[in-house]
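Participant: Provided below for reference: sequence and predicted model.
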Amino acid sequence: MALRAGMKTLVVGLGGLTNGGKSTLSHSLHQQIPNSCIIAQDYFFKEDSLVPVNNNGFKQYDVIDALHMDVMMGVVDSWRRDPERFLAEQSPRAEHTAASDKEDVFVLIVEGFLIFNYRPLIELMDKRYFIEIPYDACKQRRSSRVYTPPDPPGYFDGHVWPMYLKNRQEMENMVSDIVFLDGLKSKEELLAAVYADVSQEIKTLKGKTLETFQPYVIVIKTNSDQSYKSQNHTVIYPECHSGVDTNITQHKDALFITTYFPFPILSSFEDEDC
Ligand SMILES: Nc1ncnc2c1ncn2[C@@H]1O[C@H](COP(=O)(O)OP(=O)(O)O)[C@@H](O)[C@H]1O
Ligand SMILES: [Mg+2]
């Protein structure tokens, strides 16, 4: 990842059933949040001829295989590699302060009806929301919209709704920390709730400077040159840390090295090439 030093990112997943209000809310959030952009799953549907028909004669659009998820992930990855450039290419005339403000947080809004049914995408998200509306409202909203290709008669009850129930069950088995939103609330109310939550996340990220991290204590025994277990079970190799600005104290046969990492320790150093 070619992230500029100090650059912070936040990925917000906005899922929900068809006509729940995902696109509406995503666009409003995007307008409110500086340095944000949207990647919408609907843009990655396969062409009609590649979407199979089931036994009932209905085109299987409401399944993950109807989408070019590999292509979508490619776009998400290009944002992750360089959010600033991605943003500039998407909206070249948009004003943003990215280049000058080290405190900027770049926000990606990923929206779609099956974003929580695809593990590689789920794993990238920092916040997950799901807009739900009841059957009647959904059917009503869907019937007033024109799709390409158009919904054939009986499509909602024969494919869309049963697949929603199936996909939703699958989603709940895959993800646990989803915030459910009542899509019958007004657009303004929904925006206010999610905006407040995301703004708080952004504020927290901006405040995360070096000093806010706890000292990380590594214990290296001096009577062997093997690798050692540190306090929180991260395996480290002594030579990895030569030159790191640390505070070293000795007690009996152990060296206590206190250092600050400018990022949360997420994974082990084990197997890393020092
Ligand atoms: N909170 C809301 N209250 C009432 N209608 C809404 C709300 N949010 C969206 N809509 C309407 O519902 C329809 C579907 O909204 P859209 O955002 O396109 O849904 P999705 O992207 O989830 O399919 C649109 O006509 C939109 O204006
Ligand atoms: Mg939409």
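Facilitator: Now that the structure is in, tell me what you want to look at. Ligands and ions are numbered 1, 2, ... in the order given.
Participant: which residues touch stretch 56-73?
Facilitator: Outside stretch 56-73, the residues within contact range by Cβ atoms under 8 Å, 6 or more residues apart in numbering are 18, 39, 41, 43-46, 48, 51-54, 113-114, 117-118, 120-121, 149, 152, 154-155, 158-160, 163-164, 167. All C-beta atoms are positioned from the backbone trio N, CA, C, and that covers glycine.
Participant: same question, stretch 9-16
Facilitator: 3, 22, 25-26, 29, 80, 83, 105-116, 121-122, 124-132, 171, 178, 181, 183, 194, 198, 201-202, 205.
Participant: tell me the mean pLDDT for that stretch?
Facilitator: Averaging pLDDT along stretch 9-16 gives 98.
Participant: so it, near ligand 1 or not?
Facilitator: Yes - residues of stretch 9-16 contacting ligand 1 under Cβ under 6 Å from any ligand atom: residue 16.
Participant: in the stretch 1-150 of the chain, which residue sits nearest ligand 1?
Facilitator: residue 21 (2.9 Å; Cβ to the nearest ligand atom).
Participant: distance check, that residue against residue 155.
Facilitator: According to Cβ to Cβ, to the nearest Å, residue 21 and residue 155 sit 20 Å apart.
Participant: look at the two and report which has more neighbours.
Facilitator: residue 21 (22 against 19; other Cβ atoms under 10 Å).
Participant: and the more buried one, what is it in contact with?
Facilitator: Applying Cβ under 8 Å, 6+ apart, the residues contacting residue 21 are 131, 133, 183, 187, 190.
Participant: re the thing from before, drop anything exposed from the contacts of stretch 9-16.
Facilitator: 22, 25-26, 29, 80, 83, 105-116, 121-122, 124-125, 127-132, 171, 178, 181, 183, 194, 198, 202, 205 (16 or more other Cβ atoms under 10 Å).
Participant: so which of those residues belong to helices?
Facilitator: 22, 25-26, 29, 80, 83, 121-122, 171, 194, 198, 202, 205 (DSSP state H).
Participant: make CSV from the residues you listed and add pLDDT to it.
Facilitator: Formatted as CSV, those follow (pLDDT from 0 to 100):
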residue, pLDDT
22, 98
25, 98
26, 98
29, 97
80, 96
83, 95
121, 97
122, 96
171, 98
194, 97
198, 97
202, 95
205, 91
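Participant: from these, which is closest to residue 35?
Facilitator: residue 83 (7.6 Å; Cβ to Cβ).
Participant: partner residues bridging the residue found closest to the closest one once you drop the neighbours it is linked to in the chain?
Facilitator: The shortest distance from residue 83 to any non-neighbouring residue, by Cβ to Cβ, 6 or more residues apart in numbering, is to residue 106 (3.6 Å). Beta-bridge pairing for residue 106 (DSSP bridges): residue 9.
Participant: give me every residue that touches residue 149.
Facilitator: Counting by Cβ under 8 Å, 6+ apart, residue 149 has contacts 48, 59.
Participant: now residue 187: how far from residue 119?
Facilitator: On the measure of Cβ to Cβ, residue 187 and residue 119 end up 31 Å apart.
Participant: SS state for residue 185?
Facilitator: coil (DSSP: H, G, I helix; E, B strand; the rest coil).
Participant: contacting ligand 1 as well, which ones from the contacts of residue 21?
Facilitator: Counting by Cβ under 6 Å from any ligand atom, the members of the contacts of residue 21 near ligand 1 are 183, 187, 190.
Participant: got the buried residues for stretch 59-71?
Facilitator: Neighbour count says stretch 59-71 has 59, 61, 62, 63, 66, 67, 68, 69 buried, by 16+ other Cβ under 10 Å.
Participant: what parts of the stretch 51-200 of the chain come near ligand 1?
Facilitator: Near ligand 1, when you scan the stretch 51-200 of the chain using Cβ under 6 Å from any ligand atom, you find 141, 183, 185, 186, 187, 190.
Participant: what about the fourth one, how many residues nearby?
Facilitator: Applying the criterion other Cβ under 10 Å, we find 8 residues in the vicinity of residue 186.
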